[in-house]
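K.L.:
sequence-free structure coming up:
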């Protein structure tokens, strides 16, 4: 834990940080401590996963970074942007569910952040179409959400998060409800987008395999209140693809991450 | 609500036809039996008029009855409009401020649970008759609009609300682009109930007013005909009231269907 802190301090001095949490805790009104204290530093352009058991506060951490929820104590620093072209202050958020408005078209759903930010309609529509094309849904702009499959809805949700061109993409177990084949495909598409767009991604998941496959760093969290149990760097040949998923290195990483995760699941024997 | 709309739109042709044909058949059979019983047993019209006599009365008394129908419909419409506007406006106010909701909601419930027939005589004392009748229709009809709209405004998807917050949506933006569309099916459901209830409110008030000796609505005609033992006219007026209720419900159901179908319609266009 202290080693992780020192190394992130060194990193902070070397490269600019996208997100930095110091001693962040979250206590609910009913007195339950959900999170922390948590220290986390994420470099710009990095893809990290927060991995932990259900209820360990990983989603809470994400909501705190997005300022959807306030930390009870500690400091939160996010490299935020102000500007008319980036409503949401440079943050894109993908929820567990697609969270689309059923009463309007896919294009209008994707345009929503721009509409709320006062971007003119024509420009907003063009950017929404562009974002839809980037997730492979250019042909479905006029469809309504209820006509789409679960995977397609999630892509729309991703397009909506990307439409503001955020620097930081926060994803809260986005693919948890999808079947495995769809999930693998979306994993690959997400990696491709991350490589081409160079965004910082913080990805919350409870799947060891998904976290190892996607991220450069897997941050394993303890059971509630969530703290950092292990910080494991995944180093492999980029770009990753199916061959990585079937490689020995991949299984090794999965084993290491699983081992780091095990104490979180074995009752209350936390740090 | 959605499922209901879908089931109106979707059923197979034959099944859809049966849904109209069967009730009509039952209705025709009932009328026939009624007519036969009255004729065979030779029941006098002041005890039980045959359907044919009722229809003839309807035609014969059309001048009086149509005017009464217009009066009752106008009252209903005014009460319904007041209930819709008042119910939605109050729900929006409640949604903007918890304090207002806490302060006023119990009284909305009191107004709802007190039987309107008991309030009507008092209203008739304090208000001009026509106003009192409209107020009765309003009192009965406004609560479903209020409670349904409140429910709709409060049942916005939590994550969507978070999304609006993330992108810095203002209160008016959240209301217009999120809360109102999300509440629309609930509001329309409330209006559908309110349509029928405002007719009931109007009728109750007319009966209360009628016994005071004034008024010209359909309910008043029923009361008046009752005193005169003009049973066929009572039935004719009742028939008109029933038809008015059916038409009001039908129109509101159609409006609701058309408005909500837009979420469906362009979808259908896409699939084909």
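P.N.:
Here it is on my side, so go on. The structure presented is a predicted model; accordingly, all values stated were derived computationally and were not measured.
K.L.:
and residue A:18, that's in a helix?
P.N.:
No. If the criterion is DSSP: H, G, I helix; E, B strand; the rest coil, then residue A:18 is strand and not within a helix.
K.L.:
which stretches of the chain form helices?
P.N.:
Picking chain A for this. With helices called from DSSP state H, chain A shows them at A:2-14, A:58-65, A:106-116, A:121-134, A:150-162, A:180-197, A:208-214, A:242-245, A:248-265.
K.L.:
Let me rephrase: I mean chain B.
P.N.:
Listed in chain order, the helices found in chain B under DSSP H are B:2-9, B:13-41, B:51-60, B:62-96, B:98-113, B:116-126, B:129-154, B:158-166, B:171-174, B:180-211, B:218-227, B:231-271.
K.L.:
and the fourth one with helix B:129-154, angle?
P.N.:
When axes from the mean of the first three to the mean of the last three Cα atoms, to 10 degrees is applied, the directions of helix B:62-96 and helix B:129-154 differ by 40 degrees.
K.L.:
report the angle between the axes of helix B:62-96 and helix B:98-113?
P.N.:
When the same axes, to 10 degrees is applied, the directions of helix B:62-96 and helix B:98-113 differ by 150 degrees.
K.L.:
Tell me which of the helices of chain A approaches chain B most closely.
P.N.:
Nearest to chain B among these is helix A:106-116 (4.4 Å), distances taken as Cβ to the nearest Cβ. In this view, the C-beta of every residue, glycine as well, is placed from N, C-alpha and C.
K.L.:
Run through the chain and note the low-pLDDT ranges.
P.N.:
I'll assume chain A. Scanning chain A for pLDDT under 70 picks out A:1-15, A:81-88, A:266-271.
K.L.:
please go with chain B instead
P.N.:
For chain B, applying pLDDT under 70 flags the ranges B:1-12, B:211-215, B:262, B:264-272.
K.L.:
what number of residues lie near the closest residue to residue A:130 other than its chain neighbours?
P.N.:
In space, residue A:130 comes closest to residue A:163 once its chain neighbours are excluded; the distance is 7.9 Å by Cβ to Cβ, 6 or more residues apart in numbering or on different chains. Residues lying near residue A:163 (other Cβ atoms under 10 Å in any protein chain shown) number 26.
K.L.:
before we move on, the earlier item: could I get the helices of chain A in TSV, plus columns for mean neighbour count?
P.N.:
Converted to TSV, the helices of chain A look like this (neighbours: other Cβ atoms under 10 Å in any protein chain shown):
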stretch	mean neighbour count
helix A:2-14	12
helix A:58-65	24
helix A:106-116	24
helix A:121-134	18
helix A:150-162	24
helix A:180-197	16
helix A:208-214	23
helix A:242-245	13
helix A:248-265	16
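K.L.:
Out of those helices, which is closest to residue B:220?
P.N.:
In terms of Cβ to Cβ, the element of those nearest to residue B:220 is helix A:106-116, at 51.4 Å.
K.L.:
returning to that earlier point: so for residue B:194, which of the helices of chain A sits nearest?
P.N.:
Checked against Cβ to Cβ, the stretch from those lying closest is helix A:106-116, at 30.3 Å.
K.L.:
any residues touching that closest one, and which ones?
P.N.:
Outside of helix A:106-116, the residues within contact range by Cβ atoms under 8 Å, 6 or more residues apart in numbering or on different chains are A:87-88, A:100-101, A:121, A:123-125, A:127-129, A:131-132, A:137, A:140-145, A:148, A:156, A:159-160, A:163-164, B:163-164, B:167-169, B:173, B:177.
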